[in-house]
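In: have a look; sequence and predicted model below, questions after that.
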Amino acid sequence: MNLKMHFSGYDINCQFSINQEKRMMQMRDLVQGSKAIKTLTWPSLVVKAVGKLHLPAHKPECRYKFSYNYLLGAGRDDGEAQERVWWTLYGLAATTREMTSGRWHDRINEHHSDMNWKRTVKLGT
């Protein structure tokens, strides 16, 4: 919760970010009294971006304003990493839908651990 800067990558961030500050304040007010969150410091800087896969479909002014290529601190990120694992998670839906929450959590962790292991083993090639 002590983030100084946060990258918000979203397919339609050019539209979503218009009211993002208002939404963030509403969220802050909701969790303010939460016992689970002891300290609540919101990032002082929220950098808004659109992933490189979705950016070409946007207006030209969006392409430059929300491109990861021009955002300080973004490095060479493409903003699409979180979407790359979705196709593997779809297969888990049928097998995990009737599991208890504890078993479901374990199964998702096992799946991601397996993906990470395979990725690590293939690094040399």
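Out: Cool, got the structure. Numbering: from 1, shown residues only.

In: from here on, just use CA atoms for contacts and neighbour counts.
Out: OK.

In: all helices of this structure, in order?
Out: 13-16, 20-31, 60-65, 81-84, 86-96, 101-122 (DSSP state H).

In: would you mark the buried spots in the second one?
Out: Applying a neighbour-count criterion of 16 or more other CA atoms under 10 Å, helix 20-31 contains no buried positions.

In: give the rounded mean pLDDT of it.
Out: The average pLDDT within helix 20-31 is 79.

In: picking up where we left off before, need the helices of the chain in JSON lines with distance to Val46, can you?
Out: JSON lines is the format used below for the helices of the chain (distance: least, CA to CA, whole Å):
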{"stretch": "helix 13-16", "distance to Val46": "12"}
{"stretch": "helix 20-31", "distance to Val46": "9"}
{"stretch": "helix 60-65", "distance to Val46": "14"}
{"stretch": "helix 81-84", "distance to Val46": "18"}
{"stretch": "helix 86-96", "distance to Val46": "25"}
{"stretch": "helix 101-122", "distance to Val46": "28"}
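
In: any idea which of those gets closest to Leu71?
Out: Of all those, it is helix 60-65 that lies closest to Leu71, at 8.5 Å by CA to CA.

In: now do the closest one: distance to the chain's middle.
Out: Distance, stretch centre to chain centre, for helix 60-65: 21 Å (CA atoms, centre = their mean, to the nearest Å).

In: same check, this time on stretch 113-125
Out: The mean C-alpha position of stretch 113-125 is separated from the chain mean by 22 Å, CA atoms, centre = their mean.

In: done for today, thanks.
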